[in-house]
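Peer 1: Prediction below, plus the sequence it came from.
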Number of protein chains: 2
Amino acid sequence: MRAAILAVGTELLFGQTINTNAAYLSRELQNIGIDVMYHYTVGDNPKRLKELLNLAYRDVDLVITTGGLGPTQDDLTKEVVCEYFGEPLVEYKDYTKALEEHFKKAGYKWTDNNRKQAYFPLNSTILDNDIGTAPGIYLEKGGKAVATLPGPPREMTRMFQFKLKPILLKDSNDFIYYRILRTFGIGESSLETVLMPLIDKQTDPTIATYAKEGETSIRITSKRKSLEEAKAEVDSMIFKVNQIIGAHVYSYDDESLAEVVGKLLMKKNISIACCESCTGGLLAAALTEIPGISKVFNRGLVTYTYGAKEEELNVRPETLLKFTAESGEVCREMVEGLKEKTNCDFCISITGIAGPEDLSPEKPAGLAYIGIAYNGKTEIIEFKHRNVSRKWNRNYMLLNMLYEIYIRVK
Amino acid sequence: MRAAILAVGTELLFGQTINTNAAYLSRELQNIGIDVMYHYTVGDNPKRLKELLNLAYRDVDLVITTGGLGPTQDDLTKEVVCEYFGEPLVEYKDYTKALEEHFKKAGYKWTDNNRKQAYFPLNSTILDNDIGTAPGIYLEKGGKAVATLPGPPREMTRMFQFKLKPILLKDSNDFIYYRILRTFGIGESSLETVLMPLIDKQTDPTIATYAKEGETSIRITSKRKSLEEAKAEVDSMIFKVNQIIGAHVYSYDDESLAEVVGKLLMKKNISIACCESCTGGLLAAALTEIPGISKVFNRGLVTYTYGAKEEELNVRPETLLKFTAESGEVCREMVEGLKEKTNCDFCISITGIAGPEDLSPEKPAGLAYIGIAYNGKTEIIEFKHRNVSRKWNRNYMLLNMLYEIYIRVK
């Protein structure tokens, strides 16, 4: 099967929004054996949208649209697609009612333009939107298929995974199985270099590496005539990959480092407290994202000022004066103070320079100290990784903290 | 002038690479008065590439390609474009020599396939690549123009800025100006409904609304013969928009709510401390993202457990027992305790149910209490906005806190 992905939205043509949906859907479709031939982006314009549909179906069997499903008058994807297929739109009263309910519950004011989201063609499958108001549709006619998905990535990915993918899988004869390994502490090019002997020899399973900020993922995919066969191929390749870079792998199921750490802490019932300076609460926020974490997460202190460090953590004024807040010495007193205060199993502190400005030539942005009190000993880890972006530095510091927790509690 | 951006590269169709080039070029072209009508992505396939050129020129005057300029055999953009325009490629010997030099200097081994990068059509402008080996071309013929840019963003942006943009500016007669207003507390459909009298009547400036998680943006754009005229049109429309929904607008320059709040606090020198339960550090993390915030941000406490609330904030055990942690009463004691402890100008607390599970029928996920001690008085705000996603609930709680700060300090 061959597909095209058609994004609808003037905001994309203005460059305000980067089209990440196309890449996501491409990866997903590839995984279920559907070849993506084109990405198109067009504005909120019925004529041009219809022309692109015409063009696409000369080459592909399936068009997936993203965007333009909302309640406003420039949201016109569903309308144009149905006109193209010659399928009139009919109001599904139950949907209208459900929408009104949803607005009421959420405390939003109902406006009548929302009604248009409850119109569907009779011969289509409605793709429910569990976390937004605009449902999608899947429509097949004369050997052509179309699916309309919403534009916001969160809604789009969910609708794809739970509503559209099962429909597409029914028509597929191949079974694709893949797993995504997540690694930390090794760059993408190094990863590819060490894995090259495996990558080069393989046509199935395939091995692909992807870099995210500070982390690298490895996707191992197999396409076979049975799911069992594909699974076996992938697992045996994971075994080989592990022999080379196993030390860097922290997840075999595409989990975030925070998720892995949070689950480990809960499973082993290790209570944790953190105090943060440069990351300003990122670690606390990342850990408390995990449902159920209250079982082990005691507290987080964002001690930004000298005064806060002294009052909350008993950091000595003379240590701050002599070494500045961004020092291993202060980092040590922070974590010792936290241990004293909370007596949690795992106490962690961080202080450093988020940037973008350097504090001094000796204290550049990206420099940070992590303090850990765990298992009866206290350790201070210095690390440095300069970037021009404050956001990047802080995120990298967060990952380092999580990784230091991970290697100790795993 | 109307343009299409055509990305060439199978890696894009595999979803391995996200096409950020299209968004970048769109913003840049818009700023110099060139309307972008389409983004296309196609694999390394001559036939499909030529078909897309054909299609594009039915609607636009300029096609900018990205990618496919390298030395390998699947790099074919230049070849296909020149064939389309009927312009044969000729070797520019000076370029071959320069390339060979470059390889020698860089210590790379020269392979003969690199020679193909020194072939250009006679009637084109060569766009030099200062930081890579593949030059681009700009070619005009019969009222159509094409520019080929390299795929790597670093090379592409540089070539665009220094080689292509000056050529395009010579031909431009229009100037585009736009501003993005950010609002909170009003959904996209309500926003459009109240703005409809303005939206309906206008062809320039245009008004478009976009929903992001919990927030809605309004883009106001004008295209005129001078930049001053376009600016004046946009500003006068902002005035009209403000008369209708001014109370909801917190930024006229596409800034995030955290940025706006952080800047206000710094400008007015209002010291702030926060204590968070359900949001677990998100507010502290959002505020500390702002460079320079240490001037006013005193500390953040993530008091997750009962014990932490009691020890850090003096919340009374009997209040916790009687009302549970997720109550207005506890929220009040939290913010009062924080004020007592830090004496900051602005103290804010939050407690609630992040979800995804409800605590009880009376205490559903999404319910939260915000406590504020500011200007001599203490206020408790209850709000509710249920969503199945813990992440969404927490983010929405964060926005609500920021907004409550905003309306008090603005």
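Peer 2: That came through fine. Treat the numbers as computed from the prediction; the structure is a model and nothing was measured. Numbers count the residues shown, from 1 in each chain, chains lettered A, B, ... in the order given.

Peer 1: In the stretch 301-410 of chain A, what residue spans correspond to helices?
Peer 2: A:306-313, A:317-323, A:328-342, A:390-409 (DSSP state H, counting those that start in this stretch).

Peer 1: Pull out the buried positions in the longest one.
Peer 2: Taking 16 or more other CB atoms under 10 Å in any protein chain shown as the neighbour-count basis, helix A:390-409 is seen to contain the buried residues A:390, A:392-406, A:408-409. (Glycine included, C-beta is placed from N, CA and C.)

Peer 1: and what of the shortest one?
Peer 2: By neighbour count on 16+ other CB under 10 Å, the buried set for helix A:317-323 is A:319-320.

Peer 1: Put the alpha carbons of it into CSV.
Peer 2: Extracted as CSV, the C-alpha positions of helix A:317-323 are listed here (Å, rounded to 0.1, in the frame of the first residue of the first chain):
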residue,chain,number,x,y,z
PRO,A,317,27.1,31.3,54.5
GLU,A,318,30.9,31.0,54.5
THR,A,319,30.8,28.1,52.1
LEU,A,320,28.6,30.2,49.7
LEU,A,321,30.9,33.2,50.1
LYS,A,322,34.1,31.3,49.6
PHE,A,323,33.1,29.0,46.7
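
Peer 1: Low-confidence stretches in the stretch 151-300 of chain A?
Peer 2: Where the stretch 151-300 of chain A drops to pLDDT under 70, the residues are A:172, A:188-189, A:210-214.

Peer 1: Could you pull out the helices in it for me?
Peer 2: A:153-159, A:165-170, A:188-201, A:227-245, A:257-267, A:282-287.

Peer 1: Show me how chain A divides into domains.
Peer 2: Using automatic domain parsing, the domain parsing of chain A gives A:2-170, A:175-251, A:257-409.

Peer 1: Just the endpoints, please. Distance across the last one?
Peer 2: Taking CA to CA, to the nearest Å, the span from the opening residue of domain A:257-409 to its closing residue is 13 Å.

Peer 1: and residue A:348, bridged to which residues?
Peer 2: With DSSP bridges as the criterion, residue A:348 is bridged to residue A:274, residue A:372.

Peer 1: Excluding sequence neighbours, find me the nearest residue to the residue minimising distance to the centre of chain A.
Peer 2: The residue lying closest to the centre of chain A (CA atoms, centre = their mean) is residue A:256, at 8.2 Å. Spatial nearest neighbour of residue A:256, chain neighbours left out: residue A:182 (7.6 Å); criterion: CB to CB, 6 or more residues apart in numbering or on different chains.

Peer 1: Report how many residues lie close to the one you found.
Peer 2: The local packing of residue A:182 (other CB atoms under 10 Å in any protein chain shown) involves 22 other residues.

Peer 1: For it, list the residues it contacts.
Peer 2: Residues in contact with residue A:182 (CB atoms under 8 Å, 6 or more residues apart in numbering or on different chains) are A:215-217, A:249-251, A:254-257.

Peer 1: Residue A:96 too?
Peer 2: Counting by CB under 8 Å, 6+ apart, residue A:96 touches A:115, A:118.

Peer 1: what about it, which helix or strand?
Peer 2: helix A:93-106 (DSSP states H and E).

Peer 1: repeat for residue A:63
Peer 2: Applying DSSP H and E as the criterion places residue A:63 in strand A:62-66.

Peer 1: For that strand, name the packing helices and strands.
Peer 2: strand A:2-8, helix A:20-31, strand A:144-149 (3 or more CB pairs under 8 Å, 6 or more residues apart in numbering or on different chains; DSSP states H and E).

Peer 1: Would you mark the buried spots in whatever helix or strand comes next after it?
Peer 2: Using DSSP H and E, the next helix or strand after strand A:62-66 towards the C-terminus is helix A:77-84. Neighbour counts over helix A:77-84 (16+ other CB under 10 Å) mark A:77-78, A:80-84 as buried.

Peer 1: Now tabulate the contacts of residue A:182 in a markdown table and tack on distance to residue B:10.
Peer 2: As requested, the contacts of residue A:182 are exported to a markdown table (distance: CB to CB, whole Å):
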| residue | distance to residue B:10 |
| --- | --- |
| A:215 | 25 |
| A:216 | 21 |
| A:217 | 20 |
| A:249 | 28 |
| A:250 | 31 |
| A:251 | 28 |
| A:254 | 24 |
| A:255 | 29 |
| A:256 | 29 |
| A:257 | 31 |
